[in-house]
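Student: sequence and computational prediction follow.
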Amino acid sequence: MARKLIFFSLVFILIGGGFFYWWTTQKDVRELNKTLPDGIRITKSLIGNDYGVVNKIDGYEFKVPKELHEPESVIYKNIVDDSELGYLSEMNKILQEVIFSEGVLGLQTKEQGVIEVRTFKVSDINLNSFIEKFSYLAFKSYESAKTFEVSPKIEEITTSQVNISKLCGTAKSYYGSEFTLSPTYYFFTKSSNVYLVVHDDDELIKKIILNGKW
């Protein structure tokens, strides 16, 4: 009887200790997930502090590269094409595509700024056309300044997992200086979705795309 009592006491201690460890180590992701809708959550491993994003609304998940450190805040919005809103209707006019909805996830990290992942649900995908039209949206603020000549550039990146198109722009000042615009936009398609990942660091974008499930 005494042995059983000791055994069950040890079991309860281990269970209680495990729960306490989980509760304390997962405190930050619990806070982050409070503001997110059902179907979107931030995950964190019990060992190693590896963070991830699970998005069941748009159908993807990815690991947050360790170089980005821990997430500080997360926002998500899903825009459904609504004539009263007008946002996607206006985008459709510019992109010349039929976009049913757009999911936008923004992840603010401690060291490396914001990662933005956008999901466009599109009826007929012509990715090159989509990117060319999107470049107008991405760089129009420079064009409107009337002091820069902007040259969008699309680069194809072939991997064993997915074909990626990289959009960047070079701005040439009318005063003679030239520089590459930031951030860089990485596009790829899966099924009827066009995915866009945006960040200032190309290598981190590639890690997110190639290590994710889309």
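Tutor: Cool, the structure landed.
Student: just the helices in the protein please.
Tutor: 2-25, 27-34, 87-95, 127-144, 202-210 (DSSP state H).
Student: residues contacting the fourth one, please?
Tutor: Contacts made with helix 127-144 from outside it, assessed by CB atoms under 8 Å, 6 or more residues apart in numbering, are listed as 91, 94-97, 120, 122, 148, 150, 152, 154, 165, 167, 169, 171, 181, 185, 187, 189, 194, 196. C-betas here are computed from N, CA, C, even on glycine.
Student: now these: which count as buried?
Tutor: 91, 95, 97, 120, 122, 148, 150, 152, 165, 167, 169, 171, 181, 185, 187, 189, 194, 196 (16 or more other CB atoms under 10 Å).
Student: worst average pLDDT in the helices of the chain?
Tutor: Lowest mean pLDDT within the helices of the chain: helix 2-25, a mean of 48.
Student: list the contacts for the residue most central in space within the chain?
Tutor: By CA atoms, centre = their mean, the chain has its centre lying nearest to residue 117, at 2.5 Å. If you count contacts by CB under 8 Å, 6+ apart, residue 117 has them with 53, 55, 60, 62, 104, 105, 107, 195, 196, 197, 198, 208.
Student: may I see those residues organised as TSV, with distance to residue 139 added?
Tutor: Shown next, in TSV, are the contacts of residue 117 (distance: CB to CB, whole Å):
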residue	distance to residue 139
53	27
55	27
60	26
62	26
104	19
105	22
107	23
195	20
196	15
197	18
198	13
208	23
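Student: now, among those, which is nearest to residue 43?
Tutor: residue 53 (7.5 Å; CB to CB).
Student: check contacts around the residue lying closest to that closest one once chain neighbours are set aside.
Tutor: Spatial nearest neighbour of residue 53, excluding adjacent residues (CB to CB, 6 or more residues apart in numbering): residue 62 at 5.6 Å. Neighbouring residues of residue 62 by CB under 8 Å, 6+ apart: 52, 53, 117, 208, 209, 211, 212, 213.
Student: and residue 62, how far from residue 110?
Tutor: 18 Å (CB to CB, to the nearest Å).
Student: most widely separated two among the contacts of residue 62?
Tutor: Farthest pair in these, by CB to CB: 52 and 209, 14.1 Å.
Student: these two: which is more packed in?
Tutor: Neighbour count, other CB atoms under 10 Å: between residue 52 and residue 209, residue 209 has more, with 22 against 17.
Student: if I pick the closest residue to the more buried one other than its chain neighbours, what's in contact with it?
Tutor: In this structure, residue 209 finds its nearest non-sequential neighbour in residue 197, 5.9 Å apart by CB to CB, 6+ apart. Residues in contact with residue 197 (CB under 8 Å, 6+ apart) are 115, 116, 117, 118, 185, 186, 205, 208, 209.
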